[in-house]
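Peer 1: Predicted structure and sequence below. I'll ask about it afterward.
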Amino acid sequence: FDQGFSWGDITTKGNELYLHVFDLPAEGMLRLADLGANVTGASLLHDSSTVAYQQKGTVLEVNLGSQVGREMPLIPVVKLTLDGPVQVSNQATQIDGITTATLLAEMSTVEDCAIEESRWMEKFGEWKHDYYVEEWQSEDAKAVWDLNVLAAGEYLVSIEYSAENDAADSEWVLSCGDESITFVSFESGFDSNKSF
């Protein structure tokens, strides 16, 4: 996969996938899609106990719910055995309908605007960085995230932005498929010309 997952990350060896679960969802469910192979077995790496799973078309659901009460390592790893090599057929960011997904600026494709990096030093000399979509050049400028939504439902979208005074009250459009919502931005107190 080109992207990580909100619950963790995946490594691979031969016909096996290893799901490293850094943030176990409350329901204990992990969803993946478009592996290009069928799962023939699932187990926890630390004790080889079996893990429930089911495939619904191209979507795989791994259920750790019954394992949550057991003694688990700090980072549980689920070993998936497949009937062939993984051939991910859709590299869009997977929205699983269970966990919160954060779509970062650097994950987007932009037109008539730019992805810029900002670096700063915090207390005790720790360097931080973040990416932003800036320099919007026209009304047709856009940032696009390619998504693969794995479960139908209602989704809450939260947008974090900074806007200078002259950008206040500008209209923005959030589109998904054939649906779109127009909203107005408010001045956020951010001023790029301010010196610190």
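Peer 2: In hand now; what should we look at?
Peer 1: do you know how far residue 104 is from residue 2?
Peer 2: According to C-beta to C-beta, to the nearest Å, residue 104 and residue 2 sit 13 Å apart. C-beta here means a position set from N, CA and C on the backbone, and glycine is covered the same way.
Peer 1: Equivalent analysis for residue 179, please.
Peer 2: Residue 179 sits 26 Å away from residue 2, going by C-beta to C-beta.
Peer 1: What of residue 114?
Peer 2: For residue 114, the distance to residue 2 - C-beta to C-beta - is 21 Å.
Peer 1: who has more neighbours, the two?
Peer 2: When residue 114 and residue 2 are compared for neighbours, residue 114 comes out ahead with 14 against 9, by other C-beta atoms under 10 Å.
Peer 1: What's opposite the more buried one in the beta bridge?
Peer 2: Beta-bridge pairing of residue 114 under DSSP bridges involves residue 134.
Peer 1: what do you get for residue 11?
Peer 2: Following DSSP bridges, residue 11 is listed with bridge partners residue 18.
Peer 1: Please work out how many residues are found near it.
Peer 2: 10.
Peer 1: which residues touch it?
Peer 2: Taking C-beta atoms under 8 Å, 6 or more residues apart in numbering, we find residue 11 in contact with 17, 18, 20.
Peer 1: remind me which residues of the protein are low pLDDT?
Peer 2: Counting by pLDDT under 70, the chain has low-confidence residues at 66-70, 189-196.
Peer 1: Can you tell me the centre-most residue of it?
Peer 2: Centrality entry for the chain: nearest residue to the mean C-alpha point is residue 101, 4.2 Å, by C-alpha atoms, centre = their mean.
Peer 1: surely that one meets residue 4?
Peer 2: No. Counting by C-beta atoms under 8 Å, residue 4 is not a contact partner of residue 101; they are 10.3 Å apart.
Peer 1: Can you give the distance of stretch 94-108 from its chain's centre?
Peer 2: Distance of stretch 94-108 from its chain centroid, counting by C-alpha atoms, centre = their mean, to the nearest Å, is 3 Å.
Peer 1: Oh, that last question was meant for stretch 83-94, not what I typed.
Peer 2: Distance, stretch centre to chain centre, for stretch 83-94: 16 Å (C-alpha atoms, centre = their mean).
Peer 1: Could I get the buried residue list for that stretch?
Peer 2: For stretch 83-94, a neighbour-count test (16 or more other C-beta atoms under 10 Å) marks 86, 93, 94 as buried.
Peer 1: Between those, which sits nearest residue 185?
Peer 2: Residue 185 has its nearest neighbour among the buried residues of stretch 83-94 in residue 93, at 24.0 Å by C-beta to C-beta.
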